[in-house]
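Visitor: Can you look at this prediction? I've put the sequence above it.
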Amino acid sequence: MASLITCPHCGARPKEEFTVKSAALPRPSADAGEAVWFDHVYLRDNPRGAYEEYWHHTSGCRRWLVVSRNTATHEVADARDASEARP
Amino acid sequence: MAEMTTNRIPLTAPPTQAALADRAPVVREGVTLEALPEGTILHLLARPTQVAAPFADKVAAAGLDLRVVAPGQWFATAPTVMSGADLVVLSQALKPEVDVVDQSHGRVGIVLHGPLAARVLAKGTAVDLDPSAFPVGRSATTLVGHIAAHLTRVNAERFEIVVQRGFAGSLFDDLSQMSLEFARL
């Protein structure tokens, strides 16, 4: 697990201060249909390598972030405020 | 139900006693831990996109110390209790820029001071407390142990910690434990 997350507001902080939500995926349109929404809500690829997730800095600035990390090396490439990083 | 109604505390009533009234200052070799007097802690809230604090002068003029909490959030603190009338005046003066929520009864201040204060605090938080990374005047919202707290370096050897009232006793005891290696023999 990536142990240090570089919060754009607070700097490097340990993962214990954060809550992970899930993959940061583009949201389907409201009328996209059941199959597309089922996929969006429940189905994940679990890739090895680069991955984007929503992280909440629960015990810090309490902002939602989009964290780009590598699931194999645990390296955090980027962390942006979610409001600026809509996928 | 009747008893419950009669036992209700009016919302304006101050706490009957300080949260840390029963915690005496902990004096160690090189570091001292003390509860701060329960004065004024105001939570200022603006939009999260607002990082600058153009109202800082007004806060300072009211005798309060402004501390960054998060994007669009600040604490304004003072060691003395602010009267309700003064609070209304300040809230109205700040209204166009920021909303004020009085947290004076909701949060409690603890101070850790002395040359070893940073060494004690570093045991509980992952924030880099080196003066180059955390200079005087810098604040951080973080965890101290498992307790969410807000740290401010007031001067080189003095850290003020603001914590939610219900956690104050536990945090004080944790900090006391963390400073135990410097206990006077």
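Guide: In hand now; what should we look at?
Visitor: can you list contacts of the top strand by length along chain B?
Guide: Criterion DSSP state E: the longest strand present in chain B is strand B:147-155. With contacts defined as C-beta atoms under 8 Å, 6 or more residues apart in numbering or on different chains, strand B:147-155 is touched by A:59, B:67, B:69, B:75, B:111, B:121, B:125, B:127, B:129, B:134-144, B:159-164, B:167, B:170-171, B:174. For glycine as for every other residue, the C-beta is placed from the backbone atoms N, C-alpha and C.
Visitor: Ok, stretch B:176-185 next?
Guide: Contacts of stretch B:176-185 (C-beta under 8 Å, 6+ apart): B:26-31, B:33, B:112, B:116, B:120-121, B:123-124.
Visitor: Extract the C-alpha set from that stretch and format it as CSV.
Guide: Coordinates of each C-alpha in stretch B:176-185 appear next as CSV, following Å, rounded to 0.1, in the frame of the first residue of the first chain:
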residue,chain,number,x,y,z
SER,B,176,1.7,13.1,28.8
GLN,B,177,2.6,9.5,27.9
MET,B,178,4.6,10.6,24.9
SER,B,179,6.6,13.0,27.1
LEU,B,180,7.3,10.4,29.7
GLU,B,181,10.9,9.7,28.5
PHE,B,182,11.8,13.2,29.6
ALA,B,183,10.2,12.8,33.1
ARG,B,184,12.2,14.3,36.0
LEU,B,185,13.7,11.7,38.2
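Visitor: what mean pLDDT does the longest strand of chain B have?
Guide: In this model, strand B:147-155 has a mean pLDDT of 96.
Visitor: So what's the residue count around the residue of chain B found nearest chain A?
Guide: The minimum distance from chain B to chain A, using C-beta to the nearest C-beta, falls at B:Ala70 (3.7 Å). For B:Ala70, the count of nearby residues is 19 (other C-beta atoms under 10 Å in any protein chain shown).
Visitor: quick one on the thing from earlier: out of the contacts of stretch B:176-185, which end up buried?
Guide: B:Val26, B:Arg28, B:Val31, B:Leu33, B:Leu112, B:Leu116, B:Val120, B:Leu121, B:Gly124 (16 or more other C-beta atoms under 10 Å in any protein chain shown).
Visitor: element containing the residue in chain A positioned nearest to chain B, please.
Guide: Here chain A gets closest to chain B at one residue, A:Cys61, 3.7 Å apart by C-beta to the nearest C-beta. Element membership for A:Cys61, per DSSP states H and E: none, as it lies in no helix or strand.
Visitor: Dihedrals phi and psi, the closest residue to it other than its chain neighbours?
Guide: Nearest non-adjacent residue to A:Cys61, counting by C-beta to C-beta, 6 or more residues apart in numbering or on different chains: B:Ala70, 3.7 Å away. The phi/psi pair for B:Ala70 (degrees, to the nearest 10) reads phi -170, psi 170.
Visitor: residues contacting B:Val81?
Guide: B:Glu38, B:Gly39, B:Thr40, B:Ser104.
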